[in-house]
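[1] dropping a prediction and its sequence here:
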Amino acid sequence: MVAALVVGIGLIAGFELVRQERINAAFAVAITLAGWAGIATLLLGRQIQIAHALSLRDPLTGLPNRALLNDRIEQALARSRRTEEPFALLVVDLDGFKGVNDVRGHEAGNQVLRTIGRRLESVVRATDTVARVGGDEFVVVSLGTATDDEAAALVGRMRQSLRRPYGVDGGHVEIDASIGWALFPQDGLEPADLIARADGQMYATKRDSSQEDALPYLRSVDRGVIRDFESALERGQIVVHYQPIVDVRSGAVRAAEALVRRAHPDRLVTPSEFIPHVEQTPLVKALTLAVADDALRRIEEWEQVGHSLDVAVNVPYRLVDDPELVEEIADLLDRTGVDPARLTLEVVPSGPGAGSELDPFVVKRLRGLGVRMSLDDLGRAASVAAIRTLPLDQVKIDAMFLHDVGRGGRSDAIVRSLVELAHRLGLETVAEGVESRLAWEAAAALGCDYAQGFFLGHPMPAGRLAEWLAGTWPVITTGG
Ligand code: C2E
Ligand code: MG
Ligand code: MG
């Protein structure tokens, strides 16, 4: 179109000059066309430049797009081959961004992406490249980053900056990122190799947090609690207390339930403050294993001072058919040499996925290990569905029924029925939350096999439990 216009105007101008007989017609046409062609070339060139620049930038964030990124990677490679200076390529994939779009809308999502671009640019050097290559995917080329330690430090800074809350329409959202990297030349000499390597590492870290994203409860997870718990786990600030489980008929302490606490310098944080959050994240697996490890070691410790106690460990429902957990438990049993029958897994039928169908192969493998399985909190929501799906040896009757048992009210009838239900299924029963002599005696009268509660013994450190067994116990007498 521009060309047609140029030729048209050129011709009109030429004819005018010829009409005025100022120059030779052919010469005039030639000059005019040449002049206009020059201008047209300039205009076109500028247009091409703008179009080119736009095609190299992500229109939303203004960051380099994949095409420009490829160019920058080539430049970095050429430079590094020449100067032998290394560089790192980092792949950043946002965790939880989809939720922002879904819940807050696309405008909020766009706003967050722009902020993310700025934050990433603020943690790298001015000469580095931050590119947006997909909806929630960024790539960074960091010149001079030479070692895995340096790359890890950079990743730490990037995540720290990305995790700060993002203000959107009056509220705020939080986002995390999975980041993988590759170093030139150690990890590859070609761009494709470097990207593949960084991608692979990114996905390896993502496998964990993606579950977190997929959870429907995600918005109720307090990330502050999670972070605190994560660091406590790393620093060994998680302690396990043990509460005695007593044989109702003989009055002997048969087992101890492992109950986790988070040790703060000035207090012990009870599980109700963090378990509801932790059990919605992949961290719960590490927690379960740490507690199981502690518990299995205690068996031997107590044995050495003359007490033969089994242990019970709480396991969230959705981990029951987690193949990785099952293998880790098998490993723990192997390593400690403990008879698997001395470990009871108390399946807690609340939390994400509670009551859903389980993978029969994994459950079979778990059973095959020889561990015992118990259903915790029988009588609460989801526990009845779980009694159908889980292979069990035992049920624990929820504490709420024991609080006012022994007075001939509804709780008496409920406990009696739950005991009957369990016994019909061939399962033993534990009465939880036995706080008084009245409850203890009622538990016995209503046919419970075992009992646990403050009346019998509080949760306490493992060493203290051994002393308590040797000294204070038995404080109760059966039969009243
Ligand atoms: P749970 O498995 O039903 O454990 C029994 C809870 O009742 C414990 O609370 C215990 O201290 C408390 N308790 C015991 N006797 C009495 C009593 O007579 N009266 C009253 N009012 N309470 C009594 P804790 O230690 O605060 O644990 C709460 C819940 O947190 C546990 O309930 C369990 O669901 C969860 N939990 C504890 N440790 C772990 C763990 O290592 N992993 C997982 N996934 N969950 C855990
Ligand atoms: Mg329990
Ligand atoms: Mg319970």
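    That came through, no problem. Residues are numbered from 1 along each chain as shown. Ligands and ions are numbered 1, 2, ... in the order given.
[2] in the sheet, who's paired with the nearest residue to Val140 once chain neighbours are set aside?
    Once flanking residues are discounted, Val140 sits nearest to Leu90: 4.3 Å by Cβ to Cβ, 6 or more residues apart in numbering. The C-beta positions use only the backbone N, C-alpha and C, and glycine is treated the same way. On the basis of DSSP bridges, Leu90 is bridged to Val140, Trp181.
[3] what confidence value was assigned to Asn24?
    On the pLDDT scale, Asn24 is placed at 64.
[4] what does the one 10 residues further on give?
    As predicted, Ala34 sits at a pLDDT of 64.
[5] and for Thr288?
    If you check Thr288, the pLDDT there is 97.
[6] ok, now the one 5 residues further on?
    The predicted structure scores Asp293 at 97 on the pLDDT scale.
[7] neighbours of it, how many?
    Counted with other Cβ atoms under 10 Å, the neighbours of Asp293 add up to 18.
[8] and for Gly337?
    Counted with other Cβ under 10 Å, the neighbours of Gly337 add up to 9.
[9] okay, domains of the protein per the record?
    1-55, 66-204, 223-470 (automatic domain parsing).
[10] one step back: would you mind confirming that the residue nearest to Val140 makes contact with Asp199?
    No: if you go by Cβ atoms under 8 Å, Leu90 and Asp199 don't touch, sitting 10.6 Å apart.
[11] not counting sequence-adjacent ones, nearest residue to Gly351?
    Glu279 (4.6 Å).
[12] what parts of the chain come near ligand 3?
    Asp376, Asp377, Glu432 (Cβ under 5 Å from the ion).
[13] from these, which is closest to ligand 2?
    Asp376 (4.3 Å; Cβ to the ion).
[14] the closest one falls within a strand, correct?
    Yes: assessed by DSSP: H, G, I helix; E, B strand; the rest coil, Asp376 belongs to a strand.
[15] rewinding a little: for the residue nearest to Gly351, give me its contacts.
    Glu279 makes contacts with Pro316, Val348, Gly351, Pro352, as judged by Cβ atoms under 8 Å, 6 or more residues apart in numbering.
[16] what about ligand 1: which of the residues you listed touch it?
    Restricting the contacts of Glu279 to those touching ligand 1 (Cβ under 6 Å from any ligand atom) yields Pro316, Val348.
[17] by pLDDT, give me the weakest of the contacts of Glu279.
    Pro352 (73).
[18] wait, that one sits on Arg318?
    Yes: here Pro352 reaches Arg318: they are 5.7 Å apart, a contact under Cβ under 8 Å.
[19] who's more crowded, the two?
    A direct count of neighbours by other Cβ under 10 Å for Pro352 and Arg318 places Arg318 higher, at 22 against 18.
[20] which neighbours do Leu90 and Asp199 share?
    Shared contacts of Leu90 and Asp199 (Cβ under 8 Å, 6+ apart): Gly180.
[21] who has more neighbours out of those two?
    Under the criterion of other Cβ under 10 Å, the comparison of Leu90 against Asp199 puts Leu90 first, with 25 against 17.
[22] so for that one, what's the pLDDT?
    For Leu90, pLDDT reads 96.
[23] same deal with Asp58?
    Asp58 is assigned 93 on the pLDDT scale.
[24] number of nearby residues for it?
    Residues lying near Asp58 (other Cβ under 10 Å) number 20.
[25] contact partners for it?
    Residues counted as contacts of Asp58 (Cβ under 8 Å, 6+ apart) are Pro64, Asn65, Ala131, Arg132.
[26] 10 Å - rerun?
    Neighbour list for Asp58: Pro64, Asn65, Arg66, Leu68, Leu69, Leu113, Gly117, Ala131, Arg132, Val133, Gly134, Phe138 [criterion: Cβ atoms under 10 Å, 6 or more residues apart in numbering].
[27] quick check: phi and psi on it?
    For Asp58, the backbone dihedrals (degrees, to the nearest 10) come out as phi -80, psi 120.
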